[in-house]
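Novice: Following is a predicted model, sequence given first.
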Amino acid sequence: DQSLFNEICLQQLRLSGVHEGETVAVLTTGDERADYASAFMWAAQKLGASTFHLRLPSPVEVSAVWRVGETGLAGNRVAVEALKAADMVVDCTFLLFSEEQFEIQGAGTRILTAVEPPELLARLMPTRELRERVEVAADRLAKAATMRITSPHGTDVTYRLGVYPTVSEYGYTDQPGRWDHWPAAFVFTGGADDGVDGTIVLAPGDVLLPFNTYVQHPVKLTIEAGFIRDIRGLPGHSSLDADLLTSYIESFDDPRGYGMSHVGWGLDERAHWHGLTQFVGGMGMELRSFYGNVMFSIGPNNELGGPNDTACHFDIPMRGCSLYLDDELIVDAGELTVPEMRPATQR
């Protein structure tokens, strides 16, 4: 229902601090998410802001794989300058990891990505209480020098921290130059480029994004000096998931696709681990946010200021892991241990 969608977009823009005198731009591609553009522009006008819709053409060639950092804005200076002139951009295309997004943020424009299904946007509407909990987690992560992740399945990996900034995502953006993603509720940072070592074992039920699938057969990743050196199935199990992961990375013909990227954990108790069974479309943001998941990423770290800008990217939320910061247990088998990170009803 468009009127209901209008109302949740209005609630979102209120959280994002949109007010009279501001300009809100909505970015779409081709015929995708035209209803999102209409709803956000209606909401911006209700708040007294100026607004416009920038619609990029559909790509002439559609890649068979998801290549992050490649956008329809590349080389389109008029469009980039128009977005830089806005106070807020609602990105309905996914600009993350792109040079164009970094440039727009650098101009002081705040950016909100919104590509998930409307029903999910409504159910996981951001709240100020959730933001407070995410910021507690971000503060704790930013102070840590090391992170260790373990699991009953054999994961034991250590990240050396302190090189890259910590990023919080809580689903709205009210600060100049800040990016966020609706919905989202997690924190992350990156290990030093040569500072990730150990073993990660993906267990059935862990999530492979952008495959938007659940792991069916265990996968063992061996990591040395910040790069995955070996991917294989466990003895006695099918190697299907390991083979798919390897084949996908190899298809980019870029060894940096094996680099270890960001790492962190989710905090939204409303988000469902089984969310991929409910909605078609979007990018699996619910799976990145579900409470107590530990998520690590493979591929680019340029969003954190790192040198790896490969187009090959995986986010892998895992269940039932334990996460330590400087030997302090923060996530205990999928349960948060710090009271200030937990919902008020669980403290």
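Specialist: Right, received. Where do you want to start?

Novice: what's near enough to touch the nearest residue to residue 227 once chain neighbours are set aside?
Specialist: Counting by CB to CB, 6 or more residues apart in numbering, residue 258 is the residue found nearest to residue 227 once chain neighbours are left out, at 5.0 Å. Using the backbone N, CA and C atoms, a C-beta is placed for each residue, glycine as well. By CB atoms under 8 Å, 6 or more residues apart in numbering, the residues touching residue 258 are 227-229, 249, 298.

Novice: Give me the subset of those lying in strands.
Specialist: Using DSSP state E, the members of the contacts of residue 258 that fall in strands are 227-229, 298.

Novice: Between the residues you listed, which sits nearest residue 340?
Specialist: Each of the ones in strands among the contacts of residue 258 was checked against residue 340 using CB to CB; the closest is residue 298, at 30.4 Å.

Novice: ok, that closest one to residue 223 distance?
Specialist: The span separating residue 298 from residue 223 equals 10 Å under the rule CB to CB, to the nearest Å.

Novice: Give me the common contacts of these two.
Specialist: residue 260.

Novice: where does residue 69 land on pLDDT?
Specialist: On the pLDDT scale, residue 69 is placed at 64.

Novice: let me redo that: residue 98
Specialist: Among the per-residue scores, residue 98 shows a pLDDT of 89.

Novice: before we move on, the earlier item: quick check: the residue nearest to residue 227 vs residue 221, distance?
Specialist: Distance, residue 258 to residue 221, using CB to CB: 9 Å.

Novice: which residues are in contact with both of the two?
Specialist: By the contact definition CB under 8 Å, 6+ apart, residue 258 and residue 221 are jointly contacted by residue 228.

Novice: if we can go back for a sec, so which of the ones in strands among the contacts of residue 258 wins on neighbours?
Specialist: For the ones in strands among the contacts of residue 258, neighbours were counted using other CB atoms under 10 Å, and residue 298 has the most, 23 neighbours in all.

Novice: got the contact list for it?
Specialist: Residue 298 sits in contact with 228, 249, 257-261, 312-314, 316, where contact means CB under 8 Å, 6+ apart.

Novice: do residue 106 as well
Specialist: Residues in contact with residue 106, defined by CB under 8 Å, 6+ apart, are residue 177.

Novice: Where does residue 97 sit: helix, strand or coil?
Specialist: Following DSSP: H, G, I helix; E, B strand; the rest coil, the label given to residue 97 is coil.

Novice: Count the residues that sit near it.
Specialist: Each residue near residue 97 was counted by other CB under 10 Å, and the total is 21.

Novice: can you check residue 277 too?
Specialist: The criterion is other CB under 10 Å. On that basis, residue 277 has 8 neighbouring residues.

Novice: so how far is residue 197 from it?
Specialist: 35 Å.

Novice: Tell me which two in the ones in strands among the contacts of residue 258 are the farthest apart.
Specialist: Across the ones in strands among the contacts of residue 258, the two members that end up farthest from each other (CB to CB) are 229 and 298, 12.7 Å apart.

Novice: dump the residue contacts of the closest residue to residue 74 other than its chain neighbours.
Specialist: Counting by CB to CB, 6+ apart, residue 74 lies nearest to residue 100, which is 6.7 Å off, once chain neighbours are set aside. Under the criterion of CB under 8 Å, 6+ apart, the contact list for residue 100 reads 71, 73-74, 80.

Novice: Include neighbour count when you put those into a markdown table, please.
Specialist: Rendered in a markdown table, the data for the contacts of residue 100 read as follows (neighbours: other CB atoms under 10 Å):
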| residue | neighbour count |
| --- | --- |
| 71 | 23 |
| 73 | 22 |
| 74 | 12 |
| 80 | 20 |
